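Student: Need a 3D model of the following:
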Amino acid sequence: MELSEHHLEELRQAMEILENPGIVAKITNAIGQPLEKTLKFLPKNIHEKIGTITEAALIKAADAAIFTVKDIPNTQPSNWWHKIGVAASGAVGGFFGLPALAVELPVSTTIMLRSVIDIARSQGESVKDPDVKLACLEVFALGGKSEADDASESGYFATRIALAQTMTEAAKQFTSKTLADEGASMIVKLISKVAARFSIQVSEKVTAQAVPAIGAAGGAIVNTLFIDHFQDMAKGHFIVRKLEKIYGEETVRTAYEDML
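Tutor: Have a look, this model is predicted:
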């Protein structure tokens, strides 16, 4: 079954979002300084620390958002309210710098995850479904190719393929009330895999906030761009999932790949 013209246009919009995230370019344009070279000069232990903080932040965010969310499908997402909340936490991060990351990132990640859930509901997803809850977490792994991805795959589908088995196993164990419960071990494993990709973009955010004199105002701008990026990823992701339910995964993927 071929996609209708309307759905083909929806898929094209999703593809353009998912394959061209441009978070570094957005931040660079906002602060007026390139980040790519600066990222390379961050000490290795800083990258490791960011990775640890990122994983902890995702776990806290999942406990605070995924396990407490109410199922209100087809509601309009409150994107601007979430942006305001993340901007406020970014102001703290911009003022205090890296030492504040362990406090600021769990807060901003929780707000972003609630925003992702809002967007999922706006696309008709039921957040009572464990698969949907995990798909919301999956959004934080999106944002372009990693070095481990198959060069023949799109960045978006390569990420989904890399996480697919763990996603399936985690969905089977989604009976716990919190991630501290023993039954949530596969969900924690999934979060660890997502965090490995999410931490790359967190490093870019931290680098931008570490630019001399960026201050609280700059930190708020960077965080606003950060949540904007993941709101875009969520929109694209859940459009693709919506179309997969109508036409089947293989049909949608083939049409998506033909657009690249």
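Student: average pLDDT for the top helix by length along the chain?
Tutor: The longest helix of the chain (DSSP state H) is helix 215-247. Mean per-residue pLDDT for helix 215-247: 87.
Student: what packs against that helix?
Tutor: Packing partners of helix 215-247 (3 or more Cβ pairs under 8 Å, 6 or more residues apart in numbering; DSSP states H and E): helix 5-19, helix 23-31, helix 79-96, helix 101-122, helix 130-138, helix 155-172, helix 185-209, helix 249-259. C-beta: built from backbone N, CA, C; applies to glycine.
Student: mean pLDDT lowest for which of these?
Tutor: Lowest mean pLDDT within the helices and strands packed on helix 215-247: helix 79-96, a mean of 63.
Student: okay, how far is it across stretch 120-131, tip to tip?
Tutor: Distance between the two ends of stretch 120-131: 12 Å, counting by Cα to Cα, to the nearest Å.
Student: That stretch: which residues count as buried?
Tutor: For stretch 120-131, a neighbour-count test (16 or more other Cβ atoms under 10 Å) marks A120, R121, S122, Q123, E125, V127, P130 as buried.
Student: with those residues in mind, which one is nearest to G143?
Tutor: Lowest distance from G143 to the buried residues of stretch 120-131 (Cβ to Cβ) belongs to A120, with 17.4 Å.
Student: What distance do you get for the closest one to K49?
Tutor: According to Cβ to Cβ, to the nearest Å, A120 stands 31 Å off from K49.
Student: Next up, the contacts around the residue nearest in space to the middle of the chain.
Tutor: For the chain, F140 is the residue whose C-alpha lies nearest the centre (Cα atoms, centre = their mean; 2.2 Å). When contacts are counted by Cβ atoms under 8 Å, 6 or more residues apart in numbering, F140 is found next to L58, T109, M112, L113, V116, V194, A195, R197, F198, F230.
Student: Give me the three-state assignment for it.
Tutor: helix (DSSP: H, G, I helix; E, B strand; the rest coil).
Student: how much space between it and A65?
Tutor: For F140, the distance to A65 - Cβ to Cβ - is 12 Å.
Student: Now list whatever residues contact both of the two.
Tutor: Residues within reach of F140 and of A65 at once, by Cβ under 8 Å, 6+ apart, are L113.
Student: quick one: contacts for Y256?
Tutor: The neighbours of Y256, taking Cβ under 8 Å, 6+ apart as the test, are L11, A14, M15, S154, Y156, F157, V240.
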